[in-house]
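Engineer: need coordinates for the following:
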Amino acid sequence: METSNQDSSRREAALKTTALAATLLFAHGQTTERTVTAAERLGRAFGLTVRVLPYWGEITVEIEGTPISQIVAAKPLGVDMGRVLAVTTVIDQVCDGTLPPDAAHSALIAASRLPPASTARFTLFVAIGAASLGVLFGALEATSLLLIAASAAIGALVRRWLSGFSANPLIQPLCAALIAGIVAAAASRFGLSTAISLIAFCPCMVLVPGPHILNGAIDLARTRMALGVARLAYAAVIVVLICAGLLFGFAAVGAKLATAGSAPPVPLAVDVIAAGCAVASFGTFFSMPWRLLPFPIAVGMLAHAVRWALVVVAGESAGTGALVACMLVGTIVTPVADRLHLPFAALAFSAVVSMMPGFFLFNAAAGLVELVEIGPSAPATLLTAIAASGVTAFLIIMAMTVGLILPRMLFERFSSAYQKSL
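Structural biologist: Alright, predicted model coming up:
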């Protein structure tokens, strides 16, 4: 009887540790598939065959063939690749036998308490990232770039300040977008720049929840329909709040946000360098350790060079350029991530998230507001511009999703088939 009780206690402790690992990965931005795979792998290391059932709001981990299960509250609201990497490292150590199973739970607790990027680093890289996106979209004037960087930096400081008062993830992007709208509207009032739309859009583009959009789309591709829809709905709410904050900022100053026209492409060298700065910035947003940043920066710069060549030289569409670039990133990152036991999302997302079509999303939102204001007499060109921006944003998101997950899924399929043939 005593042996049976000890065995039951051991299984419950192992199940609790497995559920904690799955929860941390799920809550901090890891893809659902990798979360499930990692948790099942950890369960096997504990001598258990577990099933991991992720839902929006909770994760259920159960031992197959028994009524024993663990239900843990979990919402995939954040992206913290430092914590994802730390949790993945603990799982690898347990599976490799270098970390005793009894010490796994405390190690996971320590991983969950890793601090995010410092406020100074976060603010600096937010400013650099917004300015880099401005360069990518054609804002090469020094005054415009300084306004973009200053607006983004103020928004970053406000976001960090708000995080100490509220855990609600929706307040921060709303307030940061409000600041961006106020700064851009003031610049328009005082005639400080002609690139008012980019001064408004670029600080907001660093707020676009790219990983959540891509994770949701990946869940849909893997037929996790309910979770995929929930992720995309969450991302859509954030985008709507960003647009609302931006428009409220303009309204507070008494100005109007006009749709932005397409700018001529920047030179290749400028595009690649700006892309590298943007990748470094997004890596910081995701709390990626310094030692990991060089690899996604290099991959991101290469991907942007390929995209630039396709769009500017070959005359292909933005969607085609994003598809090819993301397929390149997925092909390079997948084996490296598996070889080094690094989280796929940390490397792939940070390398391509600067390609997320935030500019087109905000342009469509500004066009819709303008359409409502004009009413029935709105010109057909405005309707065409709104449709073009919305469709372009949708196609780019779809292209990025397919480009990233296709190499990953093919690699997993052929790798599994190869291992079975041995």
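
Engineer: show me where this protein dips below the pLDDT cut-off.
Structural biologist: Judged by pLDDT under 70, the chain has its weakly predicted residues at 1-7, 258-263, 340-343, 345-346, 415-422.

Engineer: centroid residue for it?
Structural biologist: The centre of the chain sits closest to P211, judged by C-alpha atoms, centre = their mean, with a distance of 2.2 Å.

Engineer: residues in contact with that residue?
Structural biologist: G29, V79, F286, A345, F349, V353 (C-beta atoms under 8 Å, 6 or more residues apart in numbering). For the C-beta atoms, the positions are set from N, CA and C on the backbone; glycine is no exception.

Engineer: just the closest of the residues you listed to I273, please.
Structural biologist: V353 (17.5 Å; C-beta to C-beta).

Engineer: if I look at G181, how far off is L368?
Structural biologist: G181 sits 16 Å away from L368, going by C-beta to C-beta, to the nearest Å.

Engineer: one more: F125?
Structural biologist: 31 Å.

Engineer: would JSON lines of the contacts of P211 with secondary structure be doable?
Structural biologist: Formatted as JSON lines, those follow (DSSP: H, G, I helix; E, B strand; the rest coil):
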{"residue": "G29", "secondary structure": "coil"}
{"residue": "V79", "secondary structure": "coil"}
{"residue": "F286", "secondary structure": "coil"}
{"residue": "A345", "secondary structure": "helix"}
{"residue": "F349", "secondary structure": "helix"}
{"residue": "V353", "secondary structure": "helix"}
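
Engineer: list the helices and strands the helix or strand A184 falls within packs on?
Structural biologist: Element membership for A184, per DSSP states H and E: helix 171-189. Judged by 3 or more C-beta pairs under 8 Å, 6 or more residues apart in numbering; DSSP states H and E, helix 171-189 is in contact with helix 142-163, helix 196-205, helix 225-253.

Engineer: neighbour count: G181 and L368, which is higher?
Structural biologist: Neighbours per residue (other C-beta atoms under 10 Å) separate G181 from L368, with G181 holding more: 29 against 17.

Engineer: my guess is that one contacts F250, does it?
Structural biologist: Yes. Between G181 and F250 there is a contact at 4.8 Å, judged by C-beta atoms under 8 Å.

Engineer: circling back to that earlier point, between the contacts of P211, which is nearest I68?
Structural biologist: Nearest to I68, judged by C-beta to C-beta, of the contacts of P211 is G29 at 28.7 Å.

Engineer: could you pull up phi and psi at the nearest residue to that closest one once chain neighbours are set aside?
Structural biologist: Spatially, and ignoring its direct neighbours in sequence, G29 is nearest to V79 (3.6 Å; C-beta to C-beta, 6 or more residues apart in numbering). With angles defined as degrees, to the nearest 10, V79 sits at phi -140, psi 110.

Engineer: same check on P289?
Structural biologist: According to degrees, to the nearest 10, P289 has phi -60, psi 150.

Engineer: burial count for the spatially closest residue to it that is not a sequence neighbour?
Structural biologist: Using C-beta to C-beta, 6+ apart and skipping the chain neighbours, the partner closest in space to P289 is G82 (5.6 Å). G82 sits with 20 neighbouring residues when counted by other C-beta under 10 Å.

Engineer: and G82, how close does it get to Y234?
Structural biologist: From G82 to Y234 the distance is 22 Å (C-beta to C-beta).

Engineer: got the CA positions of the strand or helix carrying I332 in PDB?
Structural biologist: Assigned by DSSP H and E, I332 belongs to helix 318-339. This file holds the C-alpha atoms of helix 318-339, laid out as PDB (Å, rounded to 0.1, in the frame of the first residue of the first chain):
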ATOM      1  CA  ALA A 318       4.700  42.300 -51.700                       C
ATOM      2  CA  GLY A 319       3.000  39.000 -50.900                       C
ATOM      3  CA  THR A 320       5.300  37.000 -53.200                       C
ATOM      4  CA  GLY A 321       8.300  38.700 -51.700                       C
ATOM      5  CA  ALA A 322       7.200  37.900 -48.200                       C
ATOM      6  CA  LEU A 323       6.400  34.300 -49.100                       C
ATOM      7  CA  VAL A 324       9.800  33.600 -50.600                       C
ATOM      8  CA  ALA A 325      11.600  35.500 -47.800                       C
ATOM      9  CA  CYS A 326       9.800  33.600 -45.100                       C
ATOM     10  CA  MET A 327      10.300  30.200 -46.800                       C
ATOM     11  CA  LEU A 328      14.000  31.000 -46.800                       C
ATOM     12  CA  VAL A 329      13.900  31.900 -43.100                       C
ATOM     13  CA  GLY A 330      11.900  28.800 -42.200                       C
ATOM     14  CA  THR A 331      14.300  26.600 -44.200                       C
ATOM     15  CA  ILE A 332      17.400  28.100 -42.500                       C
ATOM     16  CA  VAL A 333      16.000  28.400 -39.000                       C
ATOM     17  CA  THR A 334      14.300  25.000 -38.600                       C
ATOM     18  CA  PRO A 335      17.400  22.700 -38.600                       C
ATOM     19  CA  VAL A 336      19.400  25.200 -36.500                       C
ATOM     20  CA  ALA A 337      16.700  25.500 -33.900                       C
ATOM     21  CA  ASP A 338      16.400  21.700 -33.600                       C
ATOM     22  CA  ARG A 339      20.200  21.200 -33.600                       C
END
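
Engineer: buried ones in that helix, by neighbour count?
Structural biologist: Applying a neighbour-count criterion of 16 or more other C-beta atoms under 10 Å, one finds 318-334, 337 buried in helix 318-339.

Engineer: so R51 belongs to a helix, correct?
Structural biologist: No. Under three-state DSSP, R51 sits outside any helix and is assigned strand.

Engineer: isn't it right next to E64, touching?
Structural biologist: Yes. Counting by C-beta under 8 Å, R51 touches E64, with 5.7 Å between them.

Engineer: neighbour count: these two, which is higher?
Structural biologist: With neighbours defined as other C-beta under 10 Å, R51 and E64 compare such that R51 has more, 14 against 10.
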